[in-house]
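1. when you get a sec, could you give me coordinates for this:
(chains A and B)
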Amino acid sequence: MKKALAFGVLGAMALAATGWGAAADRSALAKKQSALATEYSLAKESNFYFVLDVLGRKLELRVRGMVLRSWPLQGMRFWGNPGFAGTVELVKKTTLKAPERIVIKPGETEEPAPAPVAPQAKPGATGTAAATTPAEYELEALELRDMPKTFSLDFDNGLQITVKTKAGGSQGFGRSVRAALRWYVQLPLRNLFGSREGKKISELELAFEQGQDAQAIYWHFFDGIKGIVL
Amino acid sequence: MIKRILIAVAALAWLGFLAVVGASYVIGLKQASAWPPEESVQPVAEKDVAKTERNVQQLEKRMTGLLPRGLYIVIDTAANRLYLKEGAKVVREAVVSCGSGVVLEEPGGKKRSWVFDTPRGEFAVKSKITNPYWVKPDWAFIEEGEAVPKGLEDRIESGTLGDYALGFGQGYFIHGTLYTRLLGRNVTHGCVRVGDEDLKAIFKAVPIGAKIYIY
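-> As a prediction, this is how the structure comes out:
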């Protein structure tokens, strides 16, 4: 009798586990279908797009379904309305000091000092240079090193992503205090009382390992780029 | 007395402010704890599983169909790197020079301007040229403060583009350089400069029509 009861209980547990497993599989299948359908709608165009995989903790730049660059997230935190997943479009990038293009007006600028390169090189650098390695020349150019390491990405659905570097410990006391005040005072108040535009806020902060990661994201993410937040 | 009242009011105001901030924080924390949402998609109904699986397979097939066939080129303009790829495999990696991002403004009457960016997007190899010569556009003369010539023969310059050039449209090329020391830096007027050995290998490997992705 006891044996039969034990088998019965075990059987019921096995059935329940199978049922739960099947439900999980069906949920995973639904997710996969949804993610694929969303990505296909972007990948069929020739434009670049990004995929922010929150649970997978990575941000990827893609085209035609191919991953061009992948940046692992070292940290993230969030304030506000969590319903921001789906397809988004970058409206603008905001930073304290945006990189500016160098404008050359022949006849109005000073003659640049000669670069330490072959003198016959006609179409090359129009830059000044010190006696350093080529990687350190100060060129008249907009390069990755000129991009900011901390900035915000504003999306059409109200989502704002702040990108920063985890290793950026030299941001100064003033900036740290301002960042703390923003995160622990301003955002909770805005979240409770609503922003000036009356929209719900969704503020995501992503931290990357290297400064170059954040700079590369600023470089590659142009206004109007579409993406998927998973 | 008034001083005490003022201090008490200020203290109350401060406490009130702290209470509001604290409440906002707690409410916000509760709201934010729902993120990231674990189940944002409803599970497929049992009767629809087979249909959904077919749909997923079809979507995967469509996604695979979007990938470039054969050899293709990927250029990272920020890192100044060129990758010759086949499928997911990197066949060759080269240090290159991409556009400087500088703006050139023409002085005087016409007031034209040029932005020296390497164009970003999906392109294809449209032409393959051995021993290319450079037909200097107007900006090349304006930048040097020279008068723009009228005759084509005054615009032709040989030797500056290296031994090979791959055209990908709108006057942009992947070509050689005399400035090998500046490979890895953003110094060009929009073209992609490659070192001699890499250029030769890429030129020989890549057919006309091969895809180029510049980001």
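
2. now for residue B:8: which residues touch it?
-> By Cβ atoms under 8 Å, 6 or more residues apart in numbering or on different chains, no residues touch residue B:8. Using the backbone N, CA and C atoms, a C-beta is placed for each residue, glycine as well.

3. run the chain-centre distance for the helix or strand hosting residue B:167.
-> Per DSSP states H and E, residue B:167 falls inside strand B:164-169. Average the C-alpha atoms of strand B:164-169, do the same for its chain, and the two points are 18 Å apart (Cα atoms, centre = their mean, to the nearest Å).

4. and what of stretch B:118-134?
-> Per Cα atoms, centre = their mean, the displacement of stretch B:118-134 from the mean C-alpha position of its chain is 17 Å.

5. hmm, back to that, do the helix or strand following the strand holding residue B:167 and chain A come into contact?
-> Counting by DSSP H and E, the next helix or strand C-terminal to strand B:164-169 is strand B:172-175. No: in terms of Cβ under 8 Å from any Cβ of the partner chain, no part of strand B:172-175 sits within range of chain A; the closest distance is 9.6 Å.

6. C-terminal to strand B:172-175, what's the next element?
-> Taking DSSP H and E, what comes next after strand B:172-175 is strand B:192-194.

7. show me what the next helix or strand after that next one is packed up against.
-> Next helix or strand after strand B:192-194 toward the C-terminus (DSSP H and E): helix B:196-205. When contacts are defined as 3 or more Cβ pairs under 8 Å, 6 or more residues apart in numbering or on different chains; DSSP states H and E, helix B:196-205 sits against strand B:81-86, strand B:89-97, strand B:164-169, strand B:172-175.

8. export these to JSON lines and tack on distance to residue B:108?
-> Output for the helices and strands packed on helix B:196-205, formatted as JSON lines (distance: least, Cβ to Cβ, whole Å):
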{"stretch": "strand B:81-86", "distance to residue B:108": "38"}
{"stretch": "strand B:89-97", "distance to residue B:108": "30"}
{"stretch": "strand B:164-169", "distance to residue B:108": "30"}
{"stretch": "strand B:172-175", "distance to residue B:108": "27"}
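
9. tell me the most buried of these?
-> Mean neighbour count, computed with mean count of other Cβ atoms under 10 Å in any protein chain shown, is highest for strand B:172-175 among these, reaching a mean of 24.

10. ok, longest helix in chain B?
-> Counting residues, the longest helix in chain B under DSSP state H turns out to be helix B:2-32.

11. can you give me the mean pLDDT across the helix or strand harbouring residue A:29?
-> Using DSSP H and E, residue A:29 maps to helix A:2-43. Mean pLDDT, computed over helix A:2-43, is 75.

12. that one: what's the following helix or strand?
-> Scanning forward in sequence from helix A:2-43 by DSSP H and E, the next helix or strand is strand A:49-53.

13. what's that next one in contact with?
-> The list of residues contacting strand A:49-53 from outside it, by Cβ under 8 Å, 6+ apart, reads A:39, A:42-43, A:59-63, A:161, A:221, A:225-230.

14. note down every partner strand of that strand and its orientation.
-> For strand A:49-53, sheet partners with direction are given as strand A:58-63 (antiparallel), strand A:226-229 (parallel), following DSSP bridges.

15. got TSV for these, with mean pLDDT and mean neighbour count too?
-> As requested, the strands paired with strand A:49-53 are exported to TSV (pLDDT from 0 to 100; neighbours: other Cβ atoms under 10 Å in any protein chain shown):
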stretch	mean pLDDT	mean neighbour count
strand A:58-63	96	21
strand A:226-229	94	21
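
16. quick one: closest of those strands to residue A:80.
-> Proximity of these to residue A:80 was assessed by Cβ to Cβ; the nearest stretch is strand A:226-229, lying at 13.6 Å.
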